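1. Sequence first, then the predicted structure:
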Amino acid sequence: RRNRVNQLHPTTVTYTNAIGACKRAEVPDIAMAVQLLREAEIDGVKPNVFMYSAAIWTAESCGDSKRALLLMDEMKRAKCRPNAVSYDGVISTLSQAGSFLEACAVFKGMKQDGIHPTRITMQNLALVSQKCDCPLNLVAKELETILSYLSPNETQSLFSGQIYDSLMRTYGKMNDFDSALRVFDSINRVNALCLSSILYVSSAVTPARWEDAIILLHSSDIVPGASNRGRIDYSALSYAAIACAKENEWEEGLNLLNIYGTAGKFGNQVISVDAINSIIAAAGRSGRPDVAIQLLNEMSSKYSAQPNERTYRSVLISCNQAEHEKRRQRKRFLRANNGKLPGFESDENDPLALFWWEAALSLFRRMKEEGLKPDMQSYSSVISACEAAGQWQRAIGVLRGMKSEENINPNLFCFNAAIAACEKGGAWLEAVELYERMQLQDSPVRPNFITMNSILIALDNAGQKEMAESIYQEAIKEKTVKPWKWTWDDESRRIRVMDLHRFSAPMSKIAVRNVIDSLLLGKPVHDDKKDLTIIVGKGKGSEDGIRVLLPEVRTLLQNEYGLESWVDKKKTMGVCTSKAPICKSSLISISLKRNPSERIARVESIIVYNM
């Protein structure tokens, strides 16, 4: 302003620098930048491309995309031809605003004006394509159009690699690997970014294209600056390993680790922790917790990668799954050999006695010693592993240890696993204590159906019949257990039935005993003028197709109520819910052969459907 009244008149350079100062201010000032453009016209200084460009980039710093577009239109009306800097400023502003289609339109105008885009142009177009909320197919179409506007030199990956990257990732989100591969094959001089992009897509689609990922990785060019033995890009190797792991091809992923993933000559990390974690999780899902633990132990020394919370969580989950599978194998083995383990007199000689619950506890302690904080899934996996082995003391110990952790309270799964551990270990008092703890008003969790199954099995095994029935009655009142359902009979009549599909044997016996005793005591919970219909399934604890509920219910009716039964296999009936049929089943008719009381005699028959 001082120069305006002196003999030294401002020039376009003066105004360009002044407008640039508006951009560099602590708080960018687009209003002052526009005012300077107007004052320049008053001073007889015609705004040129540099002044307009400075103003546009000031608008970019303010995040004012509307002002940037207005300045671009003003330039063209003033017959001031925009340059690449001007267009880059407008596209960058639109990129910040997530205006993908508007940015593409500006880019097309840029090419039509004969202005060559820059790497900044490509970078901002790629950025806005990933952050916009446009439909994916529209994003892919526009990116394909952008590539069609580029000259042969501009299609090289070093210049437009980010557009290729964004386009392939968009196809990955669309689960279209073949289109992404077509784009990859069209690239002139593939670089590390483009290789990583196509391998990302191979890991992101469903199912993951792990075989294509391995072929692409093995056939890729050497990447300058890569430090591992195969000179493979860090991200590319990680995505290829993740693709293998997603389809549980952990052995292929492990081969990639051993070929390319070992630490470089300077001991630097050449593969991501997430990739190693994915292989660990895949090995665990495939029943190889030993491989998961080995990878955990070798991460630091062999791959220069430090385990994190997810690493330990994946290993703990694999140990838990292995302990449960070991228990199932043991039960099948014992059943096949009449309850004996031939040739093995103790667990020390038993090949099925690998104590994965001990491994889980050891790794859990090691995790905490390394300063890593277990999450809820880590805690629940350790408790569940102890539950499978019947190690109720340790399960309760881990559960109680959660109190010392900030922001972690035991969830329903943790309580249920601990109660189930007590049930398997014969610790019914501890099971009841945990159940009562869940019943407290300030408890963050409440018992559910699984809780009731476990607690009633524990009490039944301990011979605590009265307590079991009392807890069952309480669960009925609180609607935690709902044995009654409405369905239709073979004549399309709506009937009320007792559905024991999900019940354990002890729980089903309590349920049947409860309804028959109510009839005997004159306080029926079922209309004694109608048939009592009971639907049984395999029941909780059944394995390999062996049904446990039908013989339990028939034995109960015979031993406690003198009700004989027979199986009428010829008569079948489609049992339906209010929405859809369940299945066909054999009809089990329970006939009353004696008259325990007048009240129960009024029930013509007890019908049990074996589902």
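-> Alright, I've got the coordinates. In this text the structure is predicted, and so the values were computed from the model without any measurement.

2. tell me which residues in the host helix or strand of residue 167 are buried?
-> Element membership of residue 167, judged by DSSP states H and E, is helix 157-173. Buried residues in helix 157-173, defined by neighbour count with 16 or more other Cβ atoms under 10 Å: 157, 159-172. Just so you know, the C-beta spots here come from the backbone N, C-alpha and C atoms, and that holds for glycine as well.

3. Can you report the mean pLDDT over the residues of it?
-> What helix 157-173 shows for mean pLDDT is 95.

4. just how off-centre is that helix within its chain?
-> 26 Å (Cα atoms, centre = their mean, to the nearest Å).

5. helices or strands up against it?
-> helix 119-131, helix 136-149, helix 177-185, helix 192-204 (3 or more Cβ pairs under 8 Å, 6 or more residues apart in numbering; DSSP states H and E).

6. who wins for proximity to residue 498 among these?
-> helix 192-204 (48.4 Å; Cβ to Cβ).

7. What is the closest one packed up against?
-> Using 3+ Cβ pairs under 8 Å, 6+ apart as the test, helix 192-204 ends up in contact with helix 157-173, helix 177-185, helix 210-218, helix 234-246.

8. May I see those organised as a markdown table, with distance to residue 322 added?
-> Output for the helices and strands packed on helix 192-204, formatted as a markdown table (distance: least, Cβ to Cβ, whole Å):
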| stretch | distance to residue 322 |
| --- | --- |
| helix 157-173 | 33 |
| helix 177-185 | 33 |
| helix 210-218 | 24 |
| helix 234-246 | 18 |
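
9. Need the max-distance pair from the buried residues of helix 157-173.
-> 159 and 172, at 22.3 Å, using Cβ to Cβ across those.

10. could you point out which element follows the longest helix along the chain?
-> Using DSSP state H to define each element, the chain has its longest helix at helix 309-336. For helix 309-336, the following helix or strand on the C-terminal side (DSSP H and E) is helix 356-369.

11. returning to what we had before: what about the longest helix of the chain, distance to the chain center?
-> On Cα atoms, centre = their mean, the centre of helix 309-336 falls 21 Å from that of its chain.

12. Against which helices or strands is it packed?
-> helix 273-285, helix 289-303, helix 356-369, helix 376-388.

13. out of the helices and strands packed on helix 157-173, deepest packed?
-> Most buried of the helices and strands packed on helix 157-173 by mean neighbour count (mean count of other Cβ atoms under 10 Å) is helix 192-204; its value is a mean of 25.

14. Give me the angle between it and helix 234-246.
-> Calculated by axes from the mean of the first three to the mean of the last three Cα atoms, to 10 degrees, helix 192-204 forms an angle of 10 degrees with helix 234-246.

15. Distance to residue 283 for the helices and strands packed on helix 157-173 - can I get that in TSV?
-> Below are these laid out as TSV (distance: least, Cβ to Cβ, whole Å):
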stretch	distance to residue 283
helix 119-131	33
helix 136-149	33
helix 177-185	25
helix 192-204	17
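
16. and residue 219, which of those helices is closest to it?
-> That would be helix 192-204 among those, by Cβ to Cβ, at 10.1 Å.

17. In contact with residue 296: list those residues for me.
-> Residue 296 is in contact with 280, 307, 311-312, 315, 363, counting by Cβ atoms under 8 Å, 6 or more residues apart in numbering.

18. can you put those in JSON lines and add neighbour count?
-> Below are the contacts of residue 296 laid out as JSON lines (neighbours: other Cβ atoms under 10 Å):
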{"residue": "280", "neighbour count": "32"}
{"residue": "307", "neighbour count": "23"}
{"residue": "311", "neighbour count": "24"}
{"residue": "312", "neighbour count": "24"}
{"residue": "315", "neighbour count": "29"}
{"residue": "363", "neighbour count": "22"}
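
19. Pipe these into JSON lines and attach pLDDT and distance to residue 426 per row.
-> Formatted as JSON lines, those follow (pLDDT from 0 to 100; distance: Cβ to Cβ, whole Å):
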{"residue": "280", "pLDDT": "96", "distance to residue 426": "35"}
{"residue": "307", "pLDDT": "95", "distance to residue 426": "37"}
{"residue": "311", "pLDDT": "97", "distance to residue 426": "35"}
{"residue": "312", "pLDDT": "97", "distance to residue 426": "31"}
{"residue": "315", "pLDDT": "97", "distance to residue 426": "30"}
{"residue": "363", "pLDDT": "96", "distance to residue 426": "27"}
